[in-house]
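Q: Next input, structure requested:
(2 chains)
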Amino acid sequence: MSARDAILGRVRSALRRKVSPGDTATIESHLAAHPVGLQPPRDWEPELRFRARAEALASTVEKVPGLSAVPGAVARYLVVNNLPTGGVCWPGLRKLDWIGAGLGMEDRPARGDDLVGVTGCFCAIAETGTLMLLSGPDTPAATSLLPETHIALVDTARIVPFMEDAWALLRAERGRLPRAVNFVSGPSRTADIEQTVTMGAHGPYRVHLILVG
Amino acid sequence: MELRANEFRARAAANLGDAKLQRGLGLIKVKAVVNRASAVAEFGDFEALRETGKAIRDRALADLDLYLERFEREAAARGAVVHWAENASEACRIVVDIARENGVKTVAKSKSMVSEEVGLNDALIAAGVTPVETDLGEYILQINDAEPPSHIVMPVIHKTAEDVADLFHAKHGTPRKTDPALLTREAREILRPKFLSAEMGVSGANFLVAETGSTLIVTNEGNGRLCTTLPRIHVALTGIEKVVPTLEDAATLLRLLPRSATGQAITNYVSLHTGPRHIDESDGPRQFHIVLVDNGRAKLLAGEMREMLRCIRCGACMNHCPVYQAVGGHAYGWVYPGPMGNILTPSYVGLENAVALPHAATMCNQCGVVCPVKIPLPDLMRKLREEQMARGLKPWPERLGLALWGRAAQRPALYALGTRIAARVMKWLGGNERLIHRLPLAAGWSDGRDFPAPAGKTFRELYKERRK
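A: Residues are numbered from 1 along each chain as shown, chains lettered A, B, ... in the order given. As a prediction, this is how the structure comes out:
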């Protein structure tokens, strides 16, 4: 008997299964309905909540009126913070006028020594100040992970109240999950040494959010 | 991991006098406990959330076979390879085989308690594969001659920054530094090339989502993301009980887990992995293996410890346990310390191999009150104590004492006589001070404190007098 059959056999005998193994009626209705569980009270406006929570998680936030204002905002942020004025961006963002803003943004996969990474996001979650990033050919996962500085563009029309709303959006627009869904809530951190919170453990030291809309 | 649970008494006694450990444990009370309390208060109706979390875990366990089969089907449909391991050695063999077949030399590991449970690092080393722990705490332990963790969320809670400074200076050959931020940066710089060159990444999984065939991990450092993004092979190793039905169920549990563990509303990263990379993607593993480990879990499902399978491994029970806070995690002698370990260790390694653990508690129920999925930990410990008595696993003086007491308690006249004599003898022992400095038969208890002497009459005598 295979390990699989032995384990499932033990589980079935523990559950005192009478029905035939193929009968999945008891789980189908829950899977089909996928009901929303308990959420905290929604006594906030999503954009304001998102901003407040993101800042509480040590991200910085600014807002620009449209996509064309993004390269200028990125350039200002990098110069003011004394950071390199070049890096990598998602291939999906190659059309922005980076050169016009004096930036050297390359739309290639991130490497271990890249210092700045610019991404968009699938949507953002107000409850926790969280970005939802989907992996894909135009939205590689490493761009938000390897560089020391992560700059993310957030379309204000796509700030949803809760994670469950993000799942609903994903079900409606994509139908199925990408290889990786990454929820990002501020810079990477650790508190392993004496419970002292330290930024930049293995991922970015700083996350800057540019709200567009 | 080496089992030393039967050394609990000796190691606990030694740890009480360990000043560095006591300092680290003291931080739990002022940080982890306080942070959780404020995160819970900020949420609102956390009690209702706990109830919802419990219901989700119970639903998954009630149809565990069906949810596991659905998980397997969905994961396979997306190109993941699902393996099943009955025990620790099978789990290790599966991972070692994947490494061998693919010519893997180095494995980047993200924190996984199941990998500690099955002893994966030793198995990889024996097969000529180098595992590199990448969680900062686990990395510190690994370079300190593979020391075991003392907490499931904060593995080096027993070490000071000075300890880490000495260790890094000795092992890395770099100038000594004590600032946690600089130590963290040093580890980052040493580990980054290892992420980039490792052929295989090993992670755990906090949850398995049956609906989509996905594994879910929560991390703060980002090492979990690196391990699951850069190497060409990703192996996720986890217990069969980790399955949850839907993405919405996972969302609810994600409101409970970080709040209970560290007092965060969400961890910095929550990553969901479904299948290997697509042909047109520039990153992500080309092979994705999921190893589902039983190692005693299915057996728990059948018995009185079933509720323990709801556990989502937050560590709140140990953070709030007066025994854990006093003796630290190493005293428990296996992977899972604190109240959760008091149940899991005897359940997985045998009650006879962890005799002291069901007693390593004051029964104050702090653990039961903070548990995000409402596991009645003290009740489960009590059941294990009963099983110890029934199986004769307790020392004979204790069994004899309880047997004699049981006989007397069933005979009211004899019991009344016995307590009257005892009350009078103890009053006499107390003398004018009314304090007993040394209790006969319980010298261990009175070594550290005096026992207040009774007034000389039993409750029943006093009750009778007042009724008149």
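
Q: can we go C-alpha only for contacts and neighbour counts from here?
A: Will do.

Q: Hmm, residue B:354 is touching residue B:345, no?
A: Yes: because the distance of 6.8 Å satisfies CA atoms under 8 Å, residue B:354 is recorded as touching residue B:345.

Q: Can you pull the residues that touch both of these two?
A: Shared contacts of residue B:354 and residue B:345, defined by CA atoms under 8 Å, 6 or more residues apart in numbering or on different chains, comprise residue B:5.

Q: In chain A, which residue is most central in space?
A: What sits nearest the mean C-alpha location of chain A, by CA atoms, centre = their mean, is residue A:132, with 2.9 Å.

Q: Nearest the geometric middle of chain B, what residue?
A: With distances taken as CA atoms, centre = their mean, the residue of chain B nearest its centroid is residue B:336 (3.3 Å).

Q: Who are the contact partners of that residue?
A: The contact partners of residue B:336, by CA under 8 Å, 6+ apart, come to B:151, B:152, B:329, B:344, B:345.

Q: Could you list the buried residues of whichever strand or helix holds the last one?
A: Translated: residue B:345. Under the criterion of DSSP states H and E, residue B:345 resides in helix B:338-349. Of the residues in helix B:338-349, B:338, B:339, B:340, B:341, B:342, B:343, B:344, B:345, B:346, B:347, B:348 count as buried by neighbour count, 16 or more other CA atoms under 10 Å in any protein chain shown.

Q: Over to stretch B:301-311?
A: Buried residues in stretch B:301-311, counting neighbours by 16+ other CA under 10 Å, are found at B:301, B:302, B:305, B:306, B:307, B:308, B:309, B:310, B:311.

Q: circling back: include pLDDT and distance to chain A when you put the contacts of residue B:336 into JSON lines, please.
A: Below are the contacts of residue B:336 laid out as JSON lines (pLDDT from 0 to 100; distance: CA to the nearest CA, whole Å):
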{"residue": "B:151", "pLDDT": "94", "distance to chain A": "11"}
{"residue": "B:152", "pLDDT": "92", "distance to chain A": "11"}
{"residue": "B:329", "pLDDT": "96", "distance to chain A": "15"}
{"residue": "B:344", "pLDDT": "97", "distance to chain A": "18"}
{"residue": "B:345", "pLDDT": "97", "distance to chain A": "20"}
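
Q: coming back round to it: did I read that right, the residue nearest to the centre of chain A in a strand?
A: Yes: under DSSP: H, G, I helix; E, B strand; the rest coil, residue A:132 sits within a strand.

Q: List phi and psi for residue B:369.
A: phi -70, psi -40 (degrees, to the nearest 10).

Q: So what's the residue count around it?
A: Neighbourhood size, residue B:369 [other CA atoms under 10 Å in any protein chain shown]: 17.

Q: Tell me the spacing between it and chain A.
A: 19 Å (CA to the nearest CA, to the nearest Å).

Q: what's the weakest-modelled helix or strand in chain B?
A: Ranked by mean pLDDT, DSSP states H and E, the weakest helix or strand in chain B is helix B:443-446, scoring a mean of 82.

Q: Quick one: list the elements packing against that one.
A: Counting contacts by 3 or more CA pairs under 8 Å, 6 or more residues apart in numbering or on different chains; DSSP states H and E, helix B:443-446 is packed against no other helix or strand.

Q: can you tell me which residues contact the closest residue to residue A:157 other than its chain neighbours?
A: Closest residue in space to residue A:157, ignoring its immediate chain neighbours: residue A:213 at 7.2 Å, by CA to CA, 6 or more residues apart in numbering or on different chains. Neighbouring residues of residue A:213 by CA under 8 Å, 6+ apart: A:63, A:64, A:65, A:66, A:155, A:156, A:157.

Q: Selection in PyMOL covering whichever of the residues you listed are buried, please.
A: Typed into PyMOL, the line below selects the buried ones among the contacts of residue A:213, using 16+ other CA under 10 Å:
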select buried, chain A and resi 63+155+156
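
Q: Adding pLDDT and secondary structure, write the contacts of residue A:213 out as CSV.
A: Listed next are the contacts of residue A:213 as CSV, based on pLDDT from 0 to 100; DSSP: H, G, I helix; E, B strand; the rest coil:
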residue, pLDDT, secondary structure
A:63, 98, strand
A:64, 98, strand
A:65, 97, coil
A:66, 96, coil
A:155, 98, strand
A:156, 98, helix
A:157, 98, helix
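
Q: Turn the contacts of residue A:213 into CSV, including distance to residue B:174.
A: Shown next, in CSV, are the contacts of residue A:213 (distance: CA to CA, whole Å):
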residue, distance to residue B:174
A:63, 43
A:64, 45
A:65, 48
A:66, 48
A:155, 45
A:156, 46
A:157, 49
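
Q: tell me the secondary structure for residue A:75?
A: helix.

Q: any idea how far residue B:23 is from residue B:71?
A: 44 Å (CA to CA, to the nearest Å).

Q: between those two, who's got more neighbours?
A: Neighbour totals were compared for residue B:71 and residue B:23, and residue B:71 leads with 24 against 15 (other CA under 10 Å).

Q: How about that one: what's its closest non-neighbour residue?
A: residue B:210 (4.0 Å).

Q: which residues of chain B fall in strands?
A: With DSSP state E, the ranges of strands along chain B come out as B:81-85, B:106-109, B:130-133, B:200-203, B:207-209, B:214-219, B:233-239, B:243-244, B:269-273, B:287-293, B:435-436, B:451-452.

Q: Dump these into CSV; add mean neighbour count and distance to chain A as well.
A: Shown next, in CSV, are the strands of chain B (neighbours: other CA atoms under 10 Å in any protein chain shown; distance: least, CA to the nearest CA, whole Å):
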stretch, mean neighbour count, distance to chain A
strand B:81-85, 20, 5
strand B:106-109, 27, 13
strand B:130-133, 21, 13
strand B:200-203, 27, 14
strand B:207-209, 28, 11
strand B:214-219, 25, 9
strand B:233-239, 26, 12
strand B:243-244, 26, 10
strand B:269-273, 26, 5
strand B:287-293, 24, 9
strand B:435-436, 19, 42
strand B:451-452, 16, 38
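
Q: So for residue A:202, which of the ones you listed sits nearest?
A: Closest to residue A:202 of the strands of chain B is strand B:214-219 (CA to CA; 10.7 Å).

Q: contacting residues around that closest one?
A: Contacts of strand B:214-219 from elsewhere in the structure, counted by CA under 8 Å, 6+ apart, are B:71, B:75, B:204-209, B:224, B:236, B:267-275.

Q: ok, now with 6 Å
A: Outside strand B:214-219, the residues within contact range by CA atoms under 6 Å, 6 or more residues apart in numbering or on different chains are B:205, B:206, B:207, B:208, B:269, B:270, B:271, B:272, B:273, B:274.

Q: Which residues does the third one form beta bridges with?
A: Using DSSP bridges, the beta-bridge partners of residue B:207 come out as residue B:216.

Q: which residues does it contact?
A: Residues counted as contacts of residue B:207 (CA under 6 Å, 6+ apart) are B:216, B:242, B:243.

Q: That one and residue B:266: what is the separation?
A: Residue B:207 is 15 Å from residue B:266, by CA to CA.

Q: Would you mind naming what in chain A lies close to chain B?
A: When proximity is defined as CA under 6 Å from any CA of the partner chain, chain A approaches chain B at A:3-4, A:8, A:10-11, A:14, A:34, A:36-37, A:136-137, A:164, A:179-185, A:188-190, A:192, A:198, A:201-203.

Q: domains in chain B, as residue ranges please.
A: B:8-24+B:35-298, B:314-390, B:396-467 (automatic domain parsing).

Q: and those, which one is worst for confidence?
A: Among the domains of chain B, domain B:396-467 has the lowest mean pLDDT, at a mean of 88.

Q: how near is the residue nearest to residue B:318 when sequence neighbours are not counted to chain A?
A: Spatial nearest neighbour of residue B:318, chain neighbours left out: residue B:338 (4.4 Å); criterion: CA to CA, 6+ apart. The gap separating residue B:338 from chain A is 19 Å, by CA to the nearest CA.

Q: Wait, residue B:338 touches residue B:326, no?
A: No: here residue B:338 does not reach residue B:326: they are 10.7 Å apart, not a contact under CA atoms under 6 Å.
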